[in-house]
Structure formats: structure tokens, C-alpha cells
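In: Dropping the sequence and predicted coords here.
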Amino acid sequence: MEHENTKMVVELESLRLRTSGMLREFYDEDRQGMTTAATFDQFSILSTCSVLLTLDADPTRWRGLAINVDSILDALFQESWEADNTLQAALLVVVNRLFDPSCHRLKACPAQQAHFADCINHILSKRPTRQAGRLQKLSAYLRYWCSRALILLLNPLSPGDAATSNDAPYLDPALPNDALPKNAAARVALALERSAEVSYDDVCRQLAFRAAGDSVTFDVVVLAYSLITYVAIGDALSHSSPMTSRTRMGARNDARGAGSALPPYNPALAKAAIRATFDDMRNGIWETGQPIFLAQTEEGGVSDFVFSPDMVASMLEVLSLDDIRPHLDALQSHVSWLHQNEVHRVLPARNGAVATLLRGWRSHHLSPEGGPLAWCTAQAIRCIVRLEQAARSLSTTDILAKLGGTSGSAPDPSMWNLLLDSDLKSDQADLTLKSLLYTRMLAPLRALDAADALGRRGPGDDLVELEAAACHSAILFGPPGTAKTTIVAALAKWLGWGFVTIDTSVFLAEGLSNVASCISSVFNLLMQLERVVVLFDEIEEFCLDRTDPKLGMESRMLTTAMLTKLADLARKRRCAFFLATNRLRAMDAAVTRPGRFDLKLFVGTPNLTSRMRRFSERLAIRSLSSDATNLAVKAFECMYKRCWNTDGRFLTFLETERLAADAVDIVTAELENEQHHQPHLTKVLWRAEEEQHERLVTAFESCLDAVRSVMTVRDAVREEYIISETMSRC
């Protein structure tokens, strides 16, 4: 059951670990910024922005880096910006929006607001025009970064398809007025529309050149950056996920015939462009393509050509992984190139320090002499991070499909809200199952998902503290029918994580003689998952009490193996997992002891509060009068209280639902009977309320009798229930 992405994930993780500390050697503590090379003393805005983009790719991996990000941003603000340098202007806007989304620094530095506005004004002055046709001012590379800068100016809450929206401003209202050029909203909208249009045309043109066999005119850099510009702008203006359905769908129309300011989204065209881009890769990299700077007036850098890792990272940041998937072989060859082309240079001893070995990367478009460069190293590390994220995501998707699970989606609390809660016997008076799971698992795990170690929206989150507060595992035990599986599925749905159930059949898939190897294979897959909720459902046969003299040696060995695998999974803390069982006391003590699972929770039948809430919700659907509703609620509660300690509290979730449904039908029938005998009343008022109350209670009790005859929690099951409800460990 070895997975095809496993090798790439392992190789990328190893490669990323080797990059630890690389960027530190380019850091100038005096200037609080990055230099181009470790032997240079000049502050480099390009290198500093490249490093910040690398930090943004995965902030949590860089929390231990001995670089003060706040100081870097402050130094960047104090540096002399070249507003007429298109690449520098675009990158400055991008990193300032990524690392200061609330504009705290910009508002605190009025002198830089005008400079920020100059950068935006310069970007807008370079926008594509229809009249220029193929002779646009900017390269496809610069057009992408300018577009990304403008996208980050948009208001994330606005519709995104009109600069004159009356409901919300088109641009982010956090931006100070003085940080924007005159008539910015309309100009940004037009610039993005023209950039998308020209990029769409360039994609079509480059694919035509390639189909015609014109290798001289075909340019893979133009194709790739035009594609991601086209996709990124459409994404931002339609507020949909990358490469998914858009409001501008209309692949049969051309760019100006779709009835939209934007070119229509054409998934077939996008896939063809991705295929052509990767087919043109040679030995893990692309050859020299269109220069970054087309005009003599543009300020060039140390290399005028796109570094392949930068291109790979940008593609992974924009394009759908499902469309990248067919080209994993090409990405693997790029990983190999990164492995083989790491460069080294010995730095001479300075200020009494010993000589150090500088490691990093240097663009393949430059001569190999000279050693690593900061911007190349940062772009390579950003690429490695994005590749690892992509490989892990694809691996998770494939493993879930193999095991019959479901992939994550947008967080949705609706299923959780519908669950009926149950009480937990504890020293804490009002403790319930849902409240405890929310406090100990849901809220902390959601906080970890939203955490920002770099403090871009206020003080940096203490990830160590958040991680310590989060529970990642729990045993859920209780009688059948108490919705243990539903609870776990609802928790996964609210988190927006993937979900998979592992039951006995999974471990027996290869026969009884291969159970041990199957357990090992399944856990090898589970160890690769991230942001997934795993439910081990009724696997007691593999966790039986080893002190039981009736237990054979093979069963004892399976229990030992299972304990080891569960411990390994717990140490990873990349997913949440639950063990659901109806027979807690049959399990080995090592499974249930503290440390193996974070929580041990009894899942009982619904408490009275949740039952009454559900009954009221059912009544509300029938649109009854307030008098009838109040009377029915009182009668239903009275019925429950009379029998609560005998049978009422032992009704399972489904039995509770059946009783509530039958009771609502009785109430409705009573009302219809009243209306039939008193048709002149516009509002039904039940007479002889006390008499009617008792009649309803009696009718409800008859419904309870029907349910009682087939209820799950009775006899030996009830005895086990009463013993188990005191065994929770919170």
C-alpha cells in the first residue's frame, strides 16, 4: 500500500530541513535586512522581499529563525524605495500587504504613504493596453507581480466585479487615502481587467506557436506567467477557489464575446497550458525565456531571467493541484535539480569569528562562480516549501480516497449544531459532551489553523501555547445508538478537515493471516495525513485486554502492535483521531490510561435540554399557535420528567427523534380536531388547559411505551451504561 507521493514528501522534508539557517547568513543585523550576497554590505530590497515571500509561504516553519521580521519590515519602510523600478514597486506593495494587512505600519508612517501611492501609481502606469497588442510595456513576469500587487489592494469583502459597488468599497478600506493614487479604484479595476485579457491572449498565442511547431517564437516563461496571471485575477474578482467554476464560465466564447470584462475561464485551455509548460522542462528546469526587463529604462537586477524555482513556486501558489497532479514526474525532476545544484562558499573569518560554510542556491542563468545569492536561495526555499505542501496535500487526498474517506472543505458548523448534547458526570457542574469537545478540541484546533506566528494581524500567536492547549485524540465510549460516529464526522466538518473511518474490515482486508502487516500498512498511510480526523470504529478485537487468560498469543501481539502504532500517530500531532467503542472495559488498560489518548469521554443519551430544544424545533415547523406550542412543550417535558430516571433518559438519539416526531404528530392531530369542532375561531385556543395537558401527557406516554418496547439501553446494556457514565477522563 505504498503511495506514489511518499518518496517526494520524504525527499522534500529532508531538503527543507537542510535549508534551516541558510537565510540567516544573508541577514545584516546592523541594517535589519538582507544583502544580495553574504559578502556584500549593501541592503537589498529584492533579496529582503524574496525572503519575506518565503516566510509567508509557511510562517510556522520559520518561527525559530534568528531574524526579527518586525525589524525587517521597519527597515524596509525606512529604505529608499525606487518607485520607478517596476519589480521593486510591485514586490514592495506585495510584501507590505501580506505582512501588514491592517496597515498599522503604513498609518504610523505618513511619510511613506505618499511613497506607497507612488509605487501603486507606477504599477498602474504600466498596465497593458489593447492598442499595444503584443508589444506591451512589461514582461509576462512583471505583469504577474504587478497584478498580484493590485489584487492585494482589493477589499476581500467586496463582490470584486465592479469598482463602483454601493455595498462595499472596491479597495480595502484599511488602506489610508494618502497611500492611494487619485481615482485608484477605477484604475485598479481597469488594470486587472486588461492584464487578464492580455494574459489570456498570450496563453492562446503561445499554445498556437507550440502547436505549429514554432519553437523559435514559443516562450514557456510567457506561457506560464500569462496563465497564472489569468487565473489569479479571475480568482480574485470572482472570489472562487483556484481553477474552479467561476461566474465568468463560458469557454465557447472568446475574450471579448463573453459579455464580461474578464476573459471567460476555459479549464481545457488552462490544462493545455500547464501540460505544455511542464513538457518544456529539461532536466528539472526551463531554459532562458523572455527577459524580466524588456525596456532599457527598467532597472535590471543581478539576473534578467526568471529563476526556475521562482516559476514553480508561483505556479503552485495559483494553480489547482488537481491540474498539477499529472505532472508530478516533472516536479520530481525539479526536486532532483534542487538537490544537485545547491552551492557552497566558505566565508572568511571576520571579527574574530571562525570561517563559516555558506550554503544556498544561485540562478542557473548566472555563471556558477560567486557562491549562493540571497534572492536565489529564498526563491529556492519558497519553492521547496510549496512543493512539500503540494505533495502532502495530494498524498492526503489520495490516501483518503484509498481508505474511503472524504477530503476537507470549507468549515461548516451546521452538522455540529444539529447534534443533541449529552451530560458528562464530572466535578464541573454544567459539563456536557459538546461543550467539552468544543473547548478542548474544536476551538484550539481552529485557533491553530488560523494562527499567524509572524503577528501580521496583531501580536504573534504563541504556537507552542496553542499546541499545548489542543487535544488531538479521544476515546468515545458508550452504548450503541448514541451517535459517536456522527459526532466525529460533525467535528471534522466544522474544522473543514478530511474525515476517514477505520474499522475492523480495513485491517482484515488481506485476510486473517496478514492482519499484522495490514495494520502496519494502514498506519503508514495514516502517518502521512494532515488536517484529517480519523475515527477508529469498534476495533476492540485489536486492543483486547492482554491480562485475559483466554486471550491467545496472536491477539496479545496484535494489541501490542496497535498500541505502538497509536502512540506513533499521537506523536505526529498532524491529525485528530478518535477511538469509538461500545465495550471500553474489554480493552487493554494501556489503551485507556492517561497519555495514550488526550480525552476519554462517555457518550450517553441526549440530555433533557437538548431533547426539549429538538421537540420545540419540530413544533416550530408546523406553524402552531403560541398557546398550542406552549401547552405541548409543557406536556412533553412533564412526560419526560415523570419517567426520566426509569426509562426516559436511556432513549438513544434515534429513539429520541422517533418519540419527538410521534409527539408532534399527536399535537397536530389534536389541533385539527379542535379546528374541526370550532371552525368559527380564527385563532385556536384550547379549552380546559389542565385537562388537555393531562390528555397530551398520556398520549405522549403511549408513544414512549411503543419506543420502550424496542429501546437499546435496557437490561445488561443499561447496567453497563450506569457503570460507564462515571468513567470519563476530561
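Out: Happy to help now that I have it. Numbering: from 1, shown residues only.

In: Please save the CA atoms from stretch 128-136 in PDB.
Out: Only the C-alpha atoms of stretch 128-136 are listed here, as PDB (Å, rounded to 0.1, in the frame of the first residue of the first chain):
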ATOM      1  CA  PRO A 128      -1.400  46.600 -20.500                       C
ATOM      2  CA  THR A 129      -3.400  48.300 -23.300                       C
ATOM      3  CA  ARG A 130      -5.300  46.800 -26.200                       C
ATOM      4  CA  GLN A 131      -3.600  49.200 -28.600                       C
ATOM      5  CA  ALA A 132      -0.200  47.800 -27.800                       C
ATOM      6  CA  GLY A 133      -1.100  44.300 -28.800                       C
ATOM      7  CA  ARG A 134       1.900  42.000 -28.500                       C
ATOM      8  CA  LEU A 135       4.200  45.000 -27.700                       C
ATOM      9  CA  GLN A 136       3.200  45.500 -24.100                       C
END
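
In: contacting residues around that stretch?
Out: In this structure, residues lying in contact with stretch 128-136 by CB atoms under 8 Å, 6 or more residues apart in numbering are 137, 138, 143, 191, 194, 195, 197, 198, 205. Using the backbone N, CA and C atoms, a C-beta is placed for each residue, glycine as well.

In: close enough to count as contact, the fifth one and residue 127?
Out: This points to residue 194. Yes - look at residue 194 against residue 127 with CB atoms under 8 Å: they come within range, at 5.5 Å.

In: Return every residue with contacts to both of those two.
Out: Here residue 194 and residue 127 have no joint contacts, going by CB under 8 Å, 6+ apart.

In: For the host helix or strand of residue 558, buried residues please.
Out: For residue 558, the host element (DSSP states H and E) is helix 553-572. For helix 553-572, the neighbour count (16 or more other CB atoms under 10 Å) marks 555, 556, 558, 559, 561, 562, 563, 565, 566, 569, 570 as buried.

In: remind me which residues of the stretch 301-450 of the chain are low pLDDT?
Out: Residues of the stretch 301-450 of the chain that meet the criterion pLDDT under 70 lie in 301-303, 349-355, 427-429.

In: same thing but at 50, please
Out: The stretch 301-450 of the chain contains residues with pLDDT under 50 at 302.

In: where do the helices sit along it?
Out: Along the stretch 301-450 of the chain, the stretches classed as helices by DSSP state H, counting those that start in this stretch are 308-318, 321-324, 328-340, 374-402, 414-418, 433-437, 443-450.

In: Residue 76: which of those is closest?
Out: Judged by CB to CB, the one of the helices of the stretch 301-450 of the chain that comes nearest to residue 76 is helix 374-402, at 14.1 Å.

In: helices or strands next to the closest one in the packing?
Out: Secondary-structure packing of helix 374-402 (3 or more CB pairs under 8 Å, 6 or more residues apart in numbering; DSSP states H and E): helix 6-18, helix 45-57, helix 308-318, helix 321-324, helix 328-340, strand 356-360, strand 498-503, helix 515-526.

In: Please repeat the previous calculation with a cut-off of 7 Å.
Out: Under the contact criterion of 3 or more CB pairs under 7 Å, 6 or more residues apart in numbering; DSSP states H and E, helix 374-402 touches helix 6-18, helix 45-57, helix 308-318, helix 321-324, helix 328-340, strand 498-503.

In: Would you format the ones you listed as CSV with mean neighbour count included?
Out: Output for those, formatted as CSV (neighbours: other CB atoms under 10 Å):
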stretch, mean neighbour count
helix 6-18, 16
helix 45-57, 24
helix 308-318, 23
helix 321-324, 16
helix 328-340, 17
strand 498-503, 21
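
In: okay if I get these as CSV plus distance to residue 625?
Out: Formatted as CSV, the helices and strands packed on helix 374-402 follow (distance: least, CB to CB, whole Å):
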stretch, distance to residue 625
helix 6-18, 62
helix 45-57, 58
helix 308-318, 57
helix 321-324, 53
helix 328-340, 64
strand 498-503, 42
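
In: Indicate which one of those is closest to residue 549.
Out: Of all those, strand 498-503 sits nearest to residue 549, with 27.6 Å by CB to CB.
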